[in-house]
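S.K.: Here is my input, please return the structure:
(chains A, B and C)
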Amino acid sequence: MHAQTEIEVRTTGRGLIDVTGEVAGWVAEQGVGTGLLTLFLRHTSASLLIQENADPDVLLDLENFFARLVPDDPALYRHATEGADDMPAHIRAALTQTQLSIPLKAGAPVLGTWQGIYLYEHRTAPHRRRIVLHLIGE
Amino acid sequence: MHAQTEIEVRTTGRGLIDVTGEVAGWVAEQGVGTGLLTLFLRHTSASLLIQENADPDVLLDLENFFARLVPDDPALYRHATEGADDMPAHIRAALTQTQLSIPLKAGAPVLGTWQGIYLYEHRTAPHRRRIVLHLIGE
Amino acid sequence: MHAQTEIEVRTTGRGLIDVTGEVAGWVAEQGVGTGLLTLFLRHTSASLLIQENADPDVLLDLENFFARLVPDDPALYRHATEGADDMPAHIRAALTQTQLSIPLKAGAPVLGTWQGIYLYEHRTAPHRRRIVLHLIGE
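M.R.: This next block holds a predicted model:
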(Lines give C-alpha, C1' and ligand atoms only; values in the text may rest on other atoms or scores of the structure.)
Protein backbone atom coordinates (compact mmCIF):
# COMPACT_ATOMS: atom_id res chain seq x y z
CA MET A 1 0.00 0.00 0.00
CA HIS A 2 0.96 3.62 -0.58
CA ALA A 3 -0.04 6.44 1.79
CA GLN A 4 0.74 10.10 1.33
CA THR A 5 0.24 13.37 3.11
CA GLU A 6 1.71 16.87 3.21
CA ILE A 7 2.70 18.70 6.36
CA GLU A 8 3.46 22.39 6.79
CA VAL A 9 6.25 23.63 9.03
CA ARG A 10 6.48 27.28 10.11
CA THR A 11 10.05 28.43 10.44
CA THR A 12 11.41 31.44 12.32
CA GLY A 13 14.54 32.21 10.31
CA ARG A 14 17.77 30.28 9.87
CA GLY A 15 18.13 27.12 11.85
CA LEU A 16 17.04 23.51 12.25
CA ILE A 17 13.56 22.43 13.37
CA ASP A 18 13.02 18.91 14.70
CA VAL A 19 10.10 17.30 12.83
CA THR A 20 10.72 13.74 14.06
CA GLY A 21 7.68 13.63 16.34
CA GLU A 22 5.20 14.89 13.76
CA VAL A 23 6.55 12.54 11.09
CA ALA A 24 6.62 9.49 13.38
CA GLY A 25 3.09 10.32 14.55
CA TRP A 26 1.70 10.24 11.01
CA VAL A 27 3.58 7.00 10.29
CA ALA A 28 2.14 5.33 13.39
CA GLU A 29 -1.41 6.19 12.25
CA GLN A 30 -0.92 4.30 8.96
CA GLY A 31 -0.72 0.90 10.70
CA VAL A 32 2.19 -0.35 8.61
CA GLY A 33 4.75 -2.80 10.01
CA THR A 34 7.55 -2.91 7.47
CA GLY A 35 7.95 -0.21 4.86
CA LEU A 36 9.79 2.75 3.41
CA LEU A 37 9.05 6.34 4.37
CA THR A 38 10.14 9.15 2.05
CA LEU A 39 10.17 12.84 2.97
CA PHE A 40 10.33 15.35 0.13
CA LEU A 41 10.70 19.09 0.70
CA ARG A 42 8.99 21.24 -1.93
CA HIS A 43 11.45 24.16 -1.70
CA THR A 44 14.95 25.10 -2.86
CA SER A 45 15.99 27.48 -0.08
CA ALA A 46 15.51 25.04 2.80
CA SER A 47 16.49 21.40 3.17
CA LEU A 48 16.12 18.15 5.09
CA LEU A 49 18.76 16.61 7.31
CA ILE A 50 19.27 13.75 9.73
CA GLN A 51 21.30 15.16 12.64
CA GLU A 52 22.25 14.61 16.25
CA ASN A 53 19.35 15.29 18.60
CA ALA A 54 21.13 15.32 21.95
CA ASP A 55 23.19 18.52 22.22
CA PRO A 56 21.58 21.73 20.84
CA ASP A 57 25.11 23.13 20.35
CA VAL A 58 25.52 20.73 17.43
CA LEU A 59 22.77 22.58 15.55
CA LEU A 60 24.33 25.98 16.31
CA ASP A 61 27.78 24.78 15.22
CA LEU A 62 26.28 23.43 12.02
CA GLU A 63 24.64 26.77 11.26
CA ASN A 64 27.88 28.63 12.01
CA PHE A 65 29.76 26.32 9.67
CA PHE A 66 27.38 26.99 6.79
CA ALA A 67 27.44 30.75 7.48
CA ARG A 68 31.25 30.68 7.10
CA LEU A 69 31.22 28.37 4.08
CA VAL A 70 28.54 30.26 2.15
CA PRO A 71 28.78 33.94 3.09
CA ASP A 72 25.79 36.29 2.65
CA ASP A 73 28.00 38.54 0.54
CA PRO A 74 26.21 40.03 -2.50
CA ALA A 75 29.58 40.56 -4.21
CA LEU A 76 29.87 36.78 -4.60
CA TYR A 77 26.61 36.19 -6.49
CA ARG A 78 24.76 37.38 -9.59
CA HIS A 79 21.39 36.28 -8.18
CA ALA A 80 20.69 39.03 -5.65
CA THR A 81 17.19 40.32 -6.34
CA GLU A 82 15.55 38.18 -3.65
CA GLY A 83 17.89 39.28 -0.86
CA ALA A 84 21.47 38.64 0.23
CA ASP A 85 20.46 35.38 1.94
CA ASP A 86 18.65 33.82 -1.03
CA MET A 87 21.52 32.56 -3.18
CA PRO A 88 23.38 31.26 -0.10
CA ALA A 89 20.15 29.42 0.78
CA HIS A 90 20.12 27.67 -2.63
CA ILE A 91 23.78 26.66 -2.19
CA ARG A 92 23.17 25.34 1.34
CA ALA A 93 20.24 23.32 -0.01
CA ALA A 94 22.49 21.84 -2.73
CA LEU A 95 25.00 20.79 -0.05
CA THR A 96 22.39 19.08 2.12
CA GLN A 97 19.26 17.12 1.09
CA THR A 98 15.85 17.78 -0.41
CA GLN A 99 14.71 14.21 0.18
CA LEU A 100 15.20 11.50 2.80
CA SER A 101 14.03 7.88 2.79
CA ILE A 102 13.91 5.93 6.04
CA PRO A 103 12.96 2.24 6.37
CA LEU A 104 10.27 1.28 8.88
CA LYS A 105 10.58 -1.68 11.23
CA ALA A 106 7.74 -2.74 13.53
CA GLY A 107 5.84 0.38 12.47
CA ALA A 108 8.52 2.96 13.29
CA PRO A 109 11.39 4.67 11.41
CA VAL A 110 14.69 2.86 12.08
CA LEU A 111 16.41 6.01 13.34
CA GLY A 112 19.41 5.51 15.60
CA THR A 113 19.24 6.63 19.22
CA TRP A 114 20.82 10.02 18.52
CA GLN A 115 19.19 10.72 15.15
CA GLY A 116 16.49 13.31 14.59
CA ILE A 117 14.81 14.43 11.35
CA TYR A 118 15.25 18.16 10.77
CA LEU A 119 13.91 20.79 8.44
CA TYR A 120 16.78 23.21 7.87
CA GLU A 121 15.57 26.74 7.10
CA HIS A 122 18.22 28.68 5.17
CA ARG A 123 16.38 32.01 4.76
CA THR A 124 16.64 34.67 7.44
CA ALA A 125 12.90 35.48 7.39
CA PRO A 126 10.16 33.11 8.65
CA HIS A 127 8.63 30.83 6.00
CA ARG A 128 5.94 28.18 5.67
CA ARG A 129 7.57 25.01 4.34
CA ARG A 130 5.77 22.00 2.92
CA ILE A 131 7.06 18.43 3.23
CA VAL A 132 5.39 15.53 1.38
CA LEU A 133 5.44 12.29 3.37
CA HIS A 134 5.12 9.13 1.29
CA LEU A 135 4.88 5.64 2.74
CA ILE A 136 5.15 2.30 0.95
CA GLY A 137 4.32 -0.51 3.32
CA GLU A 138 2.89 -3.91 3.93
CA MET B 1 3.96 -2.30 -9.83
CA HIS B 2 7.56 -1.49 -10.68
CA ALA B 3 8.63 0.22 -13.91
CA GLN B 4 12.18 1.03 -14.92
CA THR B 5 14.03 2.69 -17.76
CA GLU B 6 17.37 4.32 -18.45
CA ILE B 7 17.83 7.69 -20.12
CA GLU B 8 20.99 9.17 -21.59
CA VAL B 9 21.85 12.83 -21.23
CA ARG B 10 24.54 14.48 -23.36
CA THR B 11 26.42 17.16 -21.47
CA THR B 12 28.54 20.00 -22.85
CA GLY B 13 30.98 20.55 -20.01
CA ARG B 14 30.46 21.86 -16.49
CA GLY B 15 26.99 23.01 -15.59
CA LEU B 16 23.44 21.96 -14.81
CA ILE B 17 21.02 20.46 -17.34
CA ASP B 18 17.29 20.47 -16.63
CA VAL B 19 15.90 16.94 -17.09
CA THR B 20 12.51 17.59 -15.46
CA GLY B 21 10.53 17.42 -18.70
CA GLU B 22 12.05 14.16 -19.92
CA VAL B 23 11.60 12.53 -16.50
CA ALA B 24 8.02 13.74 -16.04
CA GLY B 25 7.19 12.60 -19.57
CA TRP B 26 8.29 9.03 -18.88
CA VAL B 27 6.41 9.03 -15.57
CA ALA B 28 3.20 10.19 -17.26
CA GLU B 29 3.42 7.29 -19.74
CA GLN B 30 3.42 4.74 -16.88
CA GLY B 31 -0.18 5.55 -15.90
CA VAL B 32 0.50 5.53 -12.17
CA GLY B 33 -1.47 7.74 -9.76
CA THR B 34 0.37 7.52 -6.46
CA GLY B 35 3.92 6.27 -6.25
CA LEU B 36 7.60 6.85 -5.68
CA LEU B 37 10.02 7.80 -8.45
CA THR B 38 13.76 7.23 -7.95
CA LEU B 39 16.51 8.64 -10.18
CA PHE B 40 19.93 7.03 -9.94
CA LEU B 41 22.96 8.39 -11.79
CA ARG B 42 25.47 5.73 -12.85
CA HIS B 43 28.55 7.99 -12.61
CA THR B 44 30.87 9.45 -9.96
CA SER B 45 31.95 12.66 -11.70
CA ALA B 46 28.48 14.09 -12.22
CA SER B 47 25.50 14.30 -9.87
CA LEU B 48 21.78 14.94 -9.44
CA LEU B 49 20.24 17.97 -7.81
CA ILE B 50 16.90 19.62 -7.18
CA GLN B 51 17.40 23.34 -7.76
CA GLU B 52 15.61 26.58 -8.51
CA ASN B 53 14.32 26.70 -12.07
CA ALA B 54 13.37 30.37 -12.37
CA ASP B 55 16.56 32.45 -12.57
CA PRO B 56 19.43 31.00 -14.67
CA ASP B 57 21.85 33.07 -12.57
CA VAL B 58 21.23 30.65 -9.70
CA LEU B 59 22.83 27.86 -11.72
CA LEU B 60 25.84 30.05 -12.61
CA ASP B 61 26.30 31.12 -8.99
CA LEU B 62 26.14 27.50 -7.90
CA GLU B 63 28.83 26.52 -10.40
CA ASN B 64 31.01 29.46 -9.30
CA PHE B 65 30.63 28.41 -5.68
CA PHE B 66 31.79 24.85 -6.39
CA ALA B 67 34.68 26.13 -8.53
CA ARG B 68 35.89 28.19 -5.55
CA LEU B 69 35.26 25.44 -2.98
CA VAL B 70 36.94 22.64 -4.94
CA PRO B 71 39.72 24.20 -7.04
CA ASP B 72 41.05 22.45 -10.16
CA ASP B 73 44.54 22.64 -8.67
CA PRO B 74 46.62 19.48 -9.27
CA ALA B 75 48.80 20.37 -6.26
CA LEU B 76 45.84 19.54 -4.00
CA TYR B 77 45.23 15.98 -5.19
CA ARG B 78 47.08 12.67 -5.68
CA HIS B 79 44.55 11.47 -8.25
CA ALA B 80 45.58 13.48 -11.32
CA THR B 81 45.98 11.02 -14.20
CA GLU B 82 42.49 11.66 -15.61
CA GLY B 83 42.86 15.43 -15.78
CA ALA B 84 42.87 18.36 -13.34
CA ASP B 85 39.07 18.42 -13.29
CA ASP B 86 38.51 14.75 -12.43
CA MET B 87 39.23 14.67 -8.68
CA PRO B 88 37.29 17.93 -8.16
CA ALA B 89 34.42 16.23 -10.03
CA HIS B 90 34.43 13.30 -7.56
CA ILE B 91 34.43 15.71 -4.61
CA ARG B 92 31.58 17.79 -6.08
CA ALA B 93 29.62 14.56 -6.57
CA ALA B 94 30.21 13.60 -2.92
CA LEU B 95 28.86 17.01 -1.83
CA THR B 96 25.69 16.74 -3.91
CA GLN B 97 23.58 13.63 -4.75
CA THR B 98 23.82 10.50 -6.85
CA GLN B 99 20.19 9.59 -6.21
CA LEU B 100 16.88 11.39 -5.76
CA SER B 101 13.47 9.97 -4.83
CA ILE B 102 10.33 12.00 -5.49
CA PRO B 103 6.78 11.00 -4.52
CA LEU B 104 4.07 11.07 -7.20
CA LYS B 105 0.62 12.51 -6.63
CA ALA B 106 -2.11 12.29 -9.26
CA GLY B 107 0.45 10.88 -11.68
CA ALA B 108 3.06 13.66 -11.39
CA PRO B 109 6.16 14.30 -9.25
CA VAL B 110 5.28 16.54 -6.26
CA LEU B 111 7.90 19.14 -7.16
CA GLY B 112 7.34 22.64 -5.80
CA THR B 113 6.66 25.51 -8.17
CA TRP B 114 10.30 26.57 -8.36
CA GLN B 115 11.90 23.12 -8.31
CA GLY B 116 13.58 21.50 -11.29
CA ILE B 117 15.48 18.20 -11.53
CA TYR B 118 19.02 18.74 -12.77
CA LEU B 119 21.90 16.61 -13.95
CA TYR B 120 25.03 18.40 -12.77
CA GLU B 121 28.03 17.72 -15.03
CA HIS B 122 31.29 18.25 -13.14
CA ARG B 123 33.77 17.41 -15.93
CA THR B 124 34.92 20.14 -18.33
CA ALA B 125 34.56 17.91 -21.43
CA PRO B 126 31.21 16.73 -22.86
CA HIS B 127 30.01 13.32 -21.60
CA ARG B 128 27.13 10.93 -22.09
CA ARG B 129 25.49 10.33 -18.71
CA ARG B 130 23.03 7.57 -17.88
CA ILE B 131 20.24 7.93 -15.33
CA VAL B 132 18.12 4.96 -14.23
CA LEU B 133 14.49 5.90 -13.53
CA HIS B 134 12.63 3.53 -11.23
CA LEU B 135 8.95 3.84 -10.38
CA ILE B 136 6.99 2.03 -7.69
CA GLY B 137 3.32 2.79 -8.04
CA GLU B 138 -0.26 1.74 -7.70
CA MET C 1 7.51 -7.79 -1.17
CA HIS C 2 9.61 -6.03 1.46
CA ALA C 3 12.78 -7.53 2.92
CA GLN C 4 14.95 -5.95 5.59
CA THR C 5 18.14 -6.66 7.47
CA GLU C 6 20.79 -4.81 9.44
CA ILE C 7 24.51 -5.17 8.90
CA GLU C 8 27.33 -4.06 11.17
CA VAL C 9 30.53 -2.55 9.81
CA ARG C 10 33.64 -2.21 11.99
CA THR C 11 35.62 0.89 11.14
CA THR C 12 39.26 1.68 11.94
CA GLY C 13 39.16 5.48 12.09
CA ARG C 14 38.58 8.07 9.40
CA GLY C 15 38.18 6.82 5.89
CA LEU C 16 35.91 5.01 3.43
CA ILE C 17 35.07 1.31 3.62
CA ASP C 18 33.69 -0.45 0.55
CA VAL C 19 30.49 -2.33 1.49
CA THR C 20 29.34 -3.07 -2.07
CA GLY C 21 30.07 -6.80 -1.89
CA GLU C 22 28.27 -7.39 1.39
CA VAL C 23 25.25 -5.36 0.25
CA ALA C 24 25.05 -7.00 -3.19
CA GLY C 25 25.40 -10.44 -1.56
CA TRP C 26 22.37 -9.89 0.67
CA VAL C 27 20.37 -8.53 -2.26
CA ALA C 28 21.19 -11.59 -4.38
CA GLU C 29 19.87 -13.89 -1.61
CA GLN C 30 16.44 -12.20 -1.72
CA GLY C 31 15.66 -13.51 -5.21
CA VAL C 32 14.20 -10.25 -6.46
CA GLY C 33 14.44 -9.22 -10.12
CA THR C 34 13.33 -5.59 -10.23
CA GLY C 35 13.21 -3.48 -7.12
CA LEU C 36 14.51 -0.65 -4.99
CA LEU C 37 17.22 -1.09 -2.38
CA THR C 38 17.57 1.50 0.38
CA LEU C 39 20.56 1.77 2.74
CA PHE C 40 20.06 3.77 5.93
CA LEU C 41 22.91 4.49 8.35
CA ARG C 42 21.83 4.75 11.99
CA HIS C 43 24.53 7.27 13.02
CA THR C 44 25.25 11.00 12.74
CA SER C 45 29.07 10.95 12.77
CA ALA C 46 29.52 8.66 9.77
CA SER C 47 27.81 8.63 6.38
CA LEU C 48 27.09 6.78 3.15
CA LEU C 49 28.52 7.63 -0.25
CA ILE C 50 28.68 6.35 -3.79
CA GLN C 51 32.23 6.89 -4.99
CA GLU C 52 34.81 5.82 -7.54
CA ASN C 53 36.11 2.33 -6.84
CA ALA C 54 39.09 2.21 -9.22
CA ASP C 55 41.87 4.42 -7.82
CA PRO C 56 42.40 4.31 -4.02
CA ASP C 57 43.92 7.82 -4.27
CA VAL C 58 40.40 9.16 -4.88
CA LEU C 59 39.39 8.09 -1.37
CA LEU C 60 42.51 9.68 0.16
CA ASP C 61 41.95 12.93 -1.74
CA LEU C 62 38.35 12.98 -0.60
CA GLU C 63 39.40 12.57 3.05
CA ASN C 64 42.03 15.31 2.67
CA PHE C 65 39.43 17.63 1.18
CA PHE C 66 37.06 17.15 4.12
CA ALA C 67 39.92 17.55 6.62
CA ARG C 68 40.69 20.96 5.07
CA LEU C 69 37.04 22.00 4.75
CA VAL C 70 36.02 21.03 8.29
CA PRO C 71 39.07 21.45 10.55
CA ASP C 72 39.35 19.57 13.87
CA ASP C 73 39.83 22.90 15.60
CA PRO C 74 38.01 23.16 18.97
CA ALA C 75 38.07 26.97 18.68
CA LEU C 76 35.52 26.70 15.85
CA TYR C 77 32.84 24.75 17.74
CA ARG C 78 30.78 24.92 20.94
CA HIS C 79 30.15 21.17 20.93
CA ALA C 80 33.51 19.84 22.13
CA THR C 81 32.79 17.44 25.00
CA GLU C 82 32.96 14.32 22.82
CA GLY C 83 36.35 15.13 21.29
CA ALA C 84 37.77 17.53 18.71
CA ASP C 85 36.72 15.22 15.87
CA ASP C 86 33.06 14.84 16.88
CA MET C 87 31.53 18.13 15.67
CA PRO C 88 33.52 17.94 12.39
CA ALA C 89 32.08 14.42 12.01
CA HIS C 90 28.51 15.75 12.30
CA ILE C 91 29.25 18.45 9.71
CA ARG C 92 30.85 15.95 7.30
CA ALA C 93 27.76 13.75 7.70
CA ALA C 94 25.50 16.72 6.86
CA LEU C 95 27.53 17.34 3.68
CA THR C 96 27.31 13.73 2.50
CA GLN C 97 24.44 11.21 2.88
CA THR C 98 22.76 9.19 5.60
CA GLN C 99 20.66 7.25 3.10
CA LEU C 100 21.04 5.88 -0.42
CA SER C 101 18.46 4.21 -2.66
CA ILE C 102 19.58 2.14 -5.63
CA PRO C 103 17.26 0.49 -8.19
CA LEU C 104 17.74 -3.22 -8.92
CA LYS C 105 17.71 -4.66 -12.42
CA ALA C 106 17.91 -8.40 -13.06
CA GLY C 107 18.51 -8.91 -9.36
CA ALA C 108 21.48 -6.57 -8.96
CA PRO C 109 21.98 -2.88 -8.03
CA VAL C 110 22.31 -0.74 -11.18
CA LEU C 111 25.68 0.68 -10.14
CA GLY C 112 27.87 2.02 -12.92
CA THR C 113 31.18 0.32 -13.70
CA TRP C 114 33.21 2.64 -11.47
CA GLN C 115 30.72 3.04 -8.64
CA GLY C 116 31.14 1.50 -5.20
CA ILE C 117 28.98 1.88 -2.07
CA TYR C 118 31.01 3.24 0.84
CA LEU C 119 30.55 3.72 4.54
CA TYR C 120 32.45 6.89 5.40
CA GLU C 121 33.72 6.91 8.99
CA HIS C 122 34.28 10.47 10.21
CA ARG C 123 35.51 9.73 13.76
CA THR C 124 39.20 9.12 14.39
CA ALA C 125 38.58 6.13 16.69
CA PRO C 126 37.24 2.73 15.49
CA HIS C 127 33.47 2.31 15.70
CA ARG C 128 30.81 -0.30 15.02
CA ARG C 129 28.34 1.15 12.52
CA ARG C 130 24.90 -0.26 11.68
CA ILE C 131 23.30 0.03 8.26
CA VAL C 132 19.68 -1.01 7.66
CA LEU C 133 19.12 -2.55 4.22
CA HIS C 134 15.56 -2.39 2.93
CA LEU C 135 14.40 -3.96 -0.30
CA ILE C 136 11.10 -3.47 -2.11
CA GLY C 137 10.85 -5.87 -5.02
CA GLU C 138 8.79 -8.02 -7.26
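
S.K.: I'd like to know how far A:R10 sits from chain C.
M.R.: Counting by Cβ to the nearest Cβ, to the nearest Å, the separation of A:R10 from chain C is 23 Å. Backbone N, C-alpha and C define where each C-beta goes, glycine included.

S.K.: Just give the closest residue to that residue, not the sequence neighbours.
M.R.: Take A:R10 and drop its neighbours on the chain: the residue closest to it by Cβ to Cβ, 6 or more residues apart in numbering or on different chains is A:R128, 5.6 Å away.

S.K.: hang on, that neighbour packs against A:E6?
M.R.: No. If you go by Cβ atoms under 8 Å, A:R128 and A:E6 don't touch, sitting 11.6 Å apart.

S.K.: isn't A:A28 right next to A:A108, touching?
M.R.: Yes. In this structure A:A28 lies within contact range of A:A108 using Cβ under 8 Å: 7.2 Å.

S.K.: Mind telling me what element the nearest residue to A:P71 once chain neighbours are set aside is part of?
M.R.: Nearest residue to A:P71, sequence neighbours excluded (Cβ to Cβ, 6+ apart): A:P88, at 7.1 Å. Take DSSP states H and E as the rule and A:P88 turns out to sit in helix A:86-95.

S.K.: by contact count, what packs against that helix?
M.R.: strand A:46-52, helix A:56-69, strand B:46-52, helix B:56-69 (3 or more Cβ pairs under 8 Å, 6 or more residues apart in numbering or on different chains; DSSP states H and E).

S.K.: Name the residues that touch the second one?
M.R.: Counting by Cβ atoms under 8 Å, 6 or more residues apart in numbering or on different chains, the neighbours of helix A:56-69 from elsewhere in the structure are A:14-16, A:51-52, A:92, A:95, A:118, A:122, B:69, C:69-70, C:76-79, C:87, C:90-91, C:94.

S.K.: now the residues you listed: which count as buried?
M.R.: When the contacts of helix A:56-69 are checked for burial by 16 or more other Cβ atoms under 10 Å in any protein chain shown, the buried set is A:14, A:16, A:51-52, A:92, A:95, A:118, A:122, B:69, C:69-70, C:76-77, C:79, C:87, C:90-91, C:94.

S.K.: contacting residues for A:L133?
M.R.: Applying Cβ under 8 Å, 6+ apart, the residues contacting A:L133 are A:Q4, A:T5, A:E6, A:I7, A:V23, A:W26, A:V27, A:L37, A:T38, A:L39.

S.K.: Now it: closest residue in space, sequence neighbours ignored.
M.R.: Nearest residue to A:L133, sequence neighbours excluded (Cβ to Cβ, 6+ apart): A:T5, at 5.2 Å.

S.K.: Give the burial count for that neighbour, as a bare number.
M.R.: A:T5: 12 surrounding residues under other Cβ atoms under 10 Å in any protein chain shown.

S.K.: any idea which element it lies in?
M.R.: When secondary structure is defined using DSSP H and E, the element that contains A:T5 is strand A:2-10.

S.K.: List, one by one, the residues from chain A near chain C.
M.R.: Proximity of chain A to chain C is confined to A:34-36, A:49-52, A:55, A:57-58, A:60-62, A:64-65, A:69, A:95-97, A:100-103, A:105, A:110-112, A:114-115, A:136-138 under the rule Cβ under 8 Å from any Cβ of the partner chain.

S.K.: ChimeraX command to pick out the buried ones of these?
M.R.: This is the ChimeraX syntax for the buried subset of the residues of chain A next to chain C, where burial follows 16+ other Cβ under 10 Å:
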select /A:34,35,36,49,50,51,52,55,58,61,62,65,69,95,96,97,100,101,102,103,110,111,112,114,115,136,137
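
S.K.: give me phi/psi at the residue of chain A positioned farthest from its centre?
M.R.: In chain A, counting by Cα atoms, centre = their mean, A:A75 sits farthest out from the average C-alpha position, at 28.3 Å. Dihedral angles phi and psi of A:A75 (degrees, to the nearest 10) take the values phi -70, psi -20.

S.K.: ok, the residue nearest to A:P71 - contacts?
M.R.: Listed by Cβ under 8 Å, 6+ apart, the contact set of A:P88 reads A:V70, A:P71, A:D72, A:Y77, A:H122.
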